[in-house]
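[1] fold the following for me, if possible:
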Amino acid sequence: MRGRQNVLLLVVIVTVLACTGYVACSRAQPGPRILPVSAAQSTSSTPFHAIVVFQPRDCDGRIDFMHVFARPRWRTAFTTSALVIGGPAEAQAAAQALRARGLPIPVSAVGSRSHPGMLLGYASTPYLLVMDNQDRLRMALAAPSSIVEMRAFERAAEGLLDPAMQAGDR
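    Presented below is the predicted three-dimensional model:
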């Protein structure tokens, strides 16, 4: 009987130590960053940071809406970058594919279970996140898939650029 109590006590102690170690390790590791490192450093020069999140298979044209960020007014207002779901090899291939489409933007990799849209309910890609220069989410939307959606997206983004709206936000 005494032996069973010792074993049970040992199991309880090991369980408590394991749980304590798990909590300590999870707090010591930094959480996932939403902004790619290369773009996070440049957001202070522009009011907004547009981040497209996609998978390599989306490079077949589902991200062409990003060309709107090349417009002169948008170039001065948006820093644009991309997060590709995958590893470093997928990020490198995606960066090459984007450059070939005339979109030379920084690309970072993010894991399939840690992309920022998971918190927002985006199960499919591509989608767009627009952050202000204080890292607040200002707009999140699935990639426009029709002309009507594209026009709505452009109006919403123009609304962010409207000086009256920005002045009222301060």
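
[2] buried ones in stretch 60-73?
    Burial within stretch 60-73, assessed by neighbour count using 16 or more other C-beta atoms under 10 Å, is assigned to 62-63, 65-66, 68-69. All C-beta atoms are positioned from the backbone trio N, CA, C, and that covers glycine.

[3] then stretch 132-143?
    132, 138-141, 143.

[4] and which of the residues you listed is nearest to residue 52?
    residue 143 (7.5 Å; C-beta to C-beta).

[5] now the closest one: closest residue in space, sequence neighbours ignored.
    For residue 143, ignoring the flanking residues on the chain, the nearest one in space by C-beta to C-beta, 6 or more residues apart in numbering is residue 126 at 4.2 Å.

[6] before we move on, which element is the closest residue to residue 104 other than its chain neighbours in?
    Closest residue in space to residue 104, ignoring its immediate chain neighbours: residue 98 at 6.9 Å, by C-beta to C-beta, 6+ apart. Residue 98 is part of helix 88-100 when elements are defined by DSSP states H and E.

[7] least trustworthy helix or strand in the protein by mean pLDDT?
    helix 37-40 (a mean of 42; mean pLDDT, DSSP states H and E).

[8] could you list every helix and strand in contact with the helix or strand following that one?
    Where DSSP H and E defines the elements, the next helix or strand beyond helix 37-40 is strand 48-54. Where contact means 3 or more C-beta pairs under 8 Å, 6 or more residues apart in numbering; DSSP states H and E, strand 48-54 is packed against helix 37-40, strand 78-85, strand 127-132.

[9] appreciated, that's everything.
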